[in-house]
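**Q** 3D model of this:
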Amino acid sequence: MNNKIVATADEAVADIPDGAAIAVGGFGDIGVPMPLIDALVRHGAKNLTIIANNAGTGDRGLALLFKHGLIRRLYASFPAQRGADHFRRAFEAGEVELELVPQGTLAERLRAASAGLGGFYTPTGVGTVMAEGKEVREIDGRTYVFERALRPDVALVKAHIGDRFGNVRYRLASRNFNPVMAMAARLSIAQVERVVPLGSMDPDDVHTAGVWVDRVVAVGGGR
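**A** Next up, the predicted model:
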C-alpha cells in the first residue's frame, strides 16, 4: 500500500475488535499515544488485553481504559505506580487479570515475536513466582526460565514525524517501547505530530521502517 495515512485517530482504531491484544507504547507518560487511546475509548472495544510498561495515571491515557472497564488482562512491568487508581480499583475488584513482566523481559518477548521466534531463555525471574509454571533449564551451569514471545494483535505507538509509506521517527525518550511494539504487532498504528513529504527523512533518521507500520495518523501537538 503506497499511502498509509488515515484521516483521524477514530478512523485508525475503528476496526479493532473486542478481545484484541493491544501493545501501547510509552514509559510513564512519555511516548504514550494519548489521542489513539482516547479514540479507542470512544470506539468502545472491550475485553481487551493490554501490553504496556504501566497502567496509566490519573484520568488520561491507559487509565481511561480501566476507568471505562474495557480491559480484561494486563501485561505490565510497573502497573501500581502512584496515581494508577483506576487500575488498582479494577484489579482489587477482580475485573482485571495481571501478569507482571520484568521490563527487560517485556521488551525481549516483544522483540522475539517480531523476529519470528517462539521465545527465549533468561535468568531473570528464576526462583521467584514469575517462574512458576514455566520451563526451567540449566545451561552452562546457570539456570534459566523460558519466556514465550508476546505477539499483539495491534500496536498503538507515538512518533514525532512520519511519511505516507509509514516510515517514522521518534523524538528523544519517546522512542522507548514504541519501536519494538510496532515491529511485534500484526497491525501497527502510529500517531505522528506531522506527516512529512516522502524522501524528506534521511534514511539514518528512520527509527521504524514503513514495512512495520500499517497506518499513520497526524494528531498535531507540540514537540
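
**Q** strands along the protein, start to end?
**A** 21-24, 48-51, 71-76, 97-100, 119-122, 136-139, 142-148, 154-158, 161-162, 168-169, 187-192, 194-195, 215-218 (DSSP state E).

**Q** which one of the ones you listed is the most hemmed in?
**A** Across the strands of the chain, averaging neighbours per residue (mean count of other CB atoms under 10 Å) puts strand 154-158 on top, at a mean of 30. C-beta here means a position set from N, CA and C on the backbone, and glycine is covered the same way.

**Q** direction included, what does that one pair against?
**A** strand 21-24 (parallel), strand 187-192 (parallel) (DSSP bridges).

**Q** ok, residue 213 touching residue 170?
**A** No - using CB atoms under 8 Å, residue 213 makes no contact with residue 170, being 12.0 Å away.

**Q** looking at the two, which one has more neighbours?
**A** Taking other CB atoms under 10 Å, residue 213 and residue 170 do not tie; residue 213 has more neighbours (26 against 23).

**Q** mind listing what the more buried one touches?
**A** 4, 162, 166, 167, 168, 182, 188, 189, 190 (CB atoms under 8 Å, 6 or more residues apart in numbering).

**Q** the nearest residue in space to residue 183 that is not next to it in sequence: neighbouring residues, count only.
**A** Spatial nearest neighbour of residue 183, chain neighbours left out: residue 114 (3.7 Å); criterion: CB to CB, 6 or more residues apart in numbering. Residue 114: 17 surrounding residues under other CB under 10 Å.

**Q** for residue 114, list the residues it contacts.
**A** Per CB under 8 Å, 6+ apart, neighbours of residue 114: 180, 183, 184, 212.
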